[in-house]
Every structure is written in C-alpha cells, then in structure tokens.
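Student: Here is the input, now give the coordinates:
(4 chains)
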There are 4 protein chains.
Amino acid sequence: MTKDTLTKDTLTELRDLTRAFAAERDWQQFHTPKNLAMALSVEVAELAEHFQWLHTGAAEELDERKREGIRHEMADVLLYLVQLADATGVDLRAAALEKLRLNGEKYPAAVVRGDARKYDEY
Amino acid sequence: MTKDTLTKDTLTELRDLTRAFAAERDWQQFHTPKNLAMALSVEVAELAEHFQWLHTGAAEELDERKREGIRHEMADVLLYLVQLADATGVDLRAAALEKLRLNGEKYPAAVVRGDARKYDEY
Amino acid sequence: MTKDTLTKDTLTELRDLTRAFAAERDWQQFHTPKNLAMALSVEVAELAEHFQWLHTGAAEELDERKREGIRHEMADVLLYLVQLADATGVDLRAAALEKLRLNGEKYPAAVVRGDARKYDEY
Amino acid sequence: MTKDTLTKDTLTELRDLTRAFAAERDWQQFHTPKNLAMALSVEVAELAEHFQWLHTGAAEELDERKREGIRHEMADVLLYLVQLADATGVDLRAAALEKLRLNGEKYPAAVVRGDARKYDEY
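Tutor: The predicted structure follows:
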C-alpha cells in the first residue's frame, strides 16, 4: 500500500478505487442509482443467506468456508454502497453521524434500555 | 468534532460509536450476527424502495424529501454493516480491497470492457 | 363473492383482479418486470422486518398488531408475485411443481434427512 | 397428477406438497417463521438479480437461460411464501383479497389514475 493510500479515509479510498474500476471497464453506463440500489440489495441477500439456517451466526457456528463467504459478501455490500453514495452525491460519514444523532433522540437510552418490546417498534 | 474523531478512520469511528450506542441501551443482546444481517437487508430494501418506480434515480428524479430519505437509509445500511462486521470480526477495509482485487482478476478490463452481456453474467 | 370467483383457481383469480386494479389506475406503465421484481423485494423485506428481533416468530411471540402486519405483507408479496408472473408469462403452478420435483432430486430424503449441515449447503 | 390434485386450489395443493416435502426430510425443525421469512427474502433477491442490469426486463431482453432462472426463482418464492403462511396460520387468498380491497380504498382510481407522483408515494 502506498503512503498516499494510507492517509486517505477508507470511504474516500474505496470511492476512488471503485470509480477507477468501473471506468476501466466502461461500466458507468450500467451504474444508475436504481441499478446500484438493486445490486446492493442482491449482495445483502447473499450475505443474509449465510445466516438463514443458523441459530444466531455466532463464531462457533461459522467454519472457514462460511467465514470467507461472509467476508466477501460484506465487501460487496460496502463497495456497492460506496458507489451508490458516489452516484447520488451522498457523504456517507456525514449521513451516518446525522442518523446516529437522530436515532439517539428517537430512542433515549433511559427509556428504551434493554427493552425488546420498544426495540421491536424500531 | 474533536481532534480525536478527525484522526480516526470513518469505519473505526462508526464502529466505536455504534458500540457505545448499543451498550448504552443494552441492545447487544439483540445484535446477533443473524439479526444484524436481517436488519441490514431490511434497511437496504427501504433504500431500494425510493428507487423502485423511478427510471434510473438520476438527480433530476429526486426531490428534497426523497434525497433525505435516501441519505438516511444509506446511513442505516452503513451503520448495520459496521455492526455486523464488528460482531463477526471482519475488517471491512481489508475485505473490500481483497474483493476488488479478486473482481479485477475475474473481470479483466480488456475482456469485459463495456460488455453488458458479460457484465450480466456477473 | 360470486359463484364465478369461487370456481376459479386462486392464482387465476388474483391475476385477473390485479390486472383490473392496475388497468383502472393506468398503472401498467410502471409495471415492468424489473420494477415488479424490485417492488416484490421491498414487500418481502417489510414482511421480514416483523421477524427480525424475534427469536423464531412462533405464535406466542406475535401479538394481534404484528399478526395483521404479517398478513398484509404476505398479501402484498403474493399480489406482486402474481403480477410479475403475469408480466413475464410464467405459469406459477407449473413452475412450483417443476421446482418441487427438481428439489426432490437434488435433496433425496434418504440422504439429507434432518441434516442441518447438508440443508445449509442448500 | 391425480384427480384429487386437480380439484384442489393451487395454494392448498402447494401447502400439502411442501408439508410432505419437509416432513420426509425432517426439515420442519429449521422452518421457523423467522427462518422462512429470511429464506423468502433470499429467493426474492435471486429473482431480482436476473433483472438488475436490464432496462425493463421485457421479453426481448430475456433469453432462454434467463427465462428458466426467473421461472425457478419465482417458484421458490411461492413455495416459501406458502410455507410461511402455513407456519403462521395465514389464509393467503383471504389476505390477498382483503389487501386488494384496502388498496382500492387507499388509491381510488379517480384520484391516482396514471399519476406517477402519487403512485410513488405508495
């Protein structure tokens, strides 16, 4: 890894790498926000598939093959999410910090603490 | 934002913030990998919902209300992905870089360039 | 319900009713197979959302409000599936019987009986 | 197909066949409502995947291989939906008719006719 890479925030780094990847293949034409959202939901389902017949997905239920599959699918989810954010002009870090603040107001710790019922209304 | 926050990589920052958020609410008990994967897929669908009746989701099709909804749903997707990675011990940056390298080998630019048919076999 | 309705197979009945529903609203223009597939996946996620923080979703975990939500989302899933089958010319009953036969060959009862590991490779 | 099968409604027929299929394999233990909902969402994503890089999924965009894939995935969606309805005691036909009636009240034809904006608020 170059020094330059190391000093970039990961989300910026992945945005630049996926931009280059798509450009080299002339794939930007397929990357409409709608198509990227659809691709993202497919990757998430492939990720969920690894967990569907497990009890909780805890470490002891995952062998090496499954662990690798999960890692690869999470990577695909992140890569499509970064591309969708890029295509729609969303700053993922700012959006996540804003949403955490909103969630904090919506679910005050003192009110919802350990409460599955309230959590369930999420 | 404190100086400390600014020097952390976003993915690390969000991991720390979501850990604290769940701990304050005693919600870790609900956050099994399986449940987080399911929650992630629900958030992705809420994101996709914004695009389902649009042509491509290009900027001119998105009004302010829709733009905000999309931003919030992308935030939720990232927040659950970060929590799932934390719960399964996956280094998201390393996984994404590894997957990009694998995709590069699987779809050499010279072979798949601008080819929807090949892209479709993806 | 008219006598005519009662003598139709449910899948045919729902196909006819959804056709009329869309035609009355001039909504066929939005109902491309791609859009219907996307709408279907959104409805399925809304259905899954009801189960995401439950242990197994068994009857004792479902109150009346949740039970109604689940019923409505299942209905939406079926209605979009019927419309997608109509839009792509698929005979759902024939497809389901064919798939059951293929699954029976792929997972012979004698081999996979009660075997979570094999089931997991599904 | 026996005469008996022919006189059953398809949804009842598929419920009986999937019950027998799972029982023969001792797979009912895996078929909690939560797991079935998750499996359903995975199958829907596999269906959506066939459409993700297409323009609209119209017949001329689908070759024989794709057509078969779509048919098989739709079958899987229906089979899991039928099993989930069975596991939660939902009468799919009654639920679909009820939901169509509710949708009719929510979206009166005279008001929403051909209106993408209103449809979009769906």
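
Student: For the rest of this, base every contact and every neighbour count on C-alpha atoms.
Tutor: OK.

Student: quick one: the helices in chain A?
Tutor: Taking DSSP state H as the test, the helices found in chain A are A:3-6, A:10-25, A:33-49, A:64-88, A:92-106, A:109-112, A:116-121.

Student: tell me the most buried of those?
Tutor: Mean neighbour counts were compared across these using mean count of other CA atoms under 10 Å in any protein chain shown; the top stretch is helix A:33-49, at a mean of 27.

Student: which residues touch that one?
Tutor: A:69-70, A:73-74, A:76-77, A:80-81, A:83-84, A:87-88, B:34, B:37-38, B:40-41, B:44-45, B:47-48, B:51-52, B:54-58, C:38, D:38-39, D:41-42, D:45-46, D:48-49, D:52-53 (CA atoms under 8 Å, 6 or more residues apart in numbering or on different chains).

Student: show me where pLDDT drops low in chain A?
Tutor: A:1-6, A:116-122 (pLDDT under 70).

Student: Close to chain D: what parts of it are there?
Tutor: A:Phe30, A:Asn35, A:Met38, A:Ala39, A:Ser41, A:Val42, A:Ala45, A:Glu46, A:Ala48, A:Glu49, A:Gln52, A:Trp53 (CA under 8 Å from any CA of the partner chain).

Student: what do you get if the cut-off is 6 Å, keeping everything else the same?
Tutor: A:Asn35, A:Met38, A:Val42, A:Ala45, A:Gln52 (CA under 6 Å from any CA of the partner chain).

Student: Determine which two of those are furthest apart.
Tutor: Taking CA to CA, the two most distant members of the residues of chain A next to chain D are A:Asn35 and A:Gln52; they sit 25.3 Å apart.

Student: Pull up the residues of chain A that are close to chain B.
Tutor: A:9, A:24-27, A:32-34, A:37, A:41, A:44, A:48, A:51, A:56-57, A:75, A:95-96, A:109, A:113-114.

Student: Return the distance of stretch A:69-83 from the chain's centre.
Tutor: Relative to the centre of its chain, stretch A:69-83 is centred 6 Å away, using CA atoms, centre = their mean, to the nearest Å.

Student: What lies in contact with it?
Tutor: With contacts defined as CA atoms under 6 Å, 6 or more residues apart in numbering or on different chains, stretch A:69-83 is touched by A:Arg15, A:Leu40, A:Glu43, A:Leu47, B:Ala95, B:Ala96.

Student: Return it as CSV; C-alpha atoms alone will do.
Tutor: This file holds the C-alpha atoms of stretch A:69-83, laid out as CSV (Å, rounded to 0.1, in the frame of the first residue of the first chain):
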residue,chain,number,x,y,z
GLY,A,69,-18.2,-16.1,2.1
ILE,A,70,-19.5,-13.7,4.7
ARG,A,71,-16.3,-11.5,4.4
HIS,A,72,-16.7,-11.4,0.6
GLU,A,73,-20.4,-10.5,0.7
MET,A,74,-19.8,-7.8,3.3
ALA,A,75,-17.1,-6.4,1.0
ASP,A,76,-19.6,-6.4,-2.0
VAL,A,77,-22.2,-4.6,0.2
LEU,A,78,-19.7,-1.9,1.1
LEU,A,79,-18.4,-1.5,-2.4
TYR,A,80,-21.9,-1.0,-3.9
LEU,A,81,-22.9,1.3,-1.0
VAL,A,82,-19.9,3.5,-1.7
GLN,A,83,-20.7,3.5,-5.4
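
Student: What is the nearest of the contacts of stretch A:69-83 to C:Gly104?
Tutor: Of the contacts of stretch A:69-83, the one sitting nearest to C:Gly104 (CA to CA) turns out to be A:Leu47, at 25.7 Å.

Student: Okay, that closest one and D:Arg93: tell me how far apart.
Tutor: 32 Å (CA to CA, to the nearest Å).

Student: Much appreciated, bye for now.
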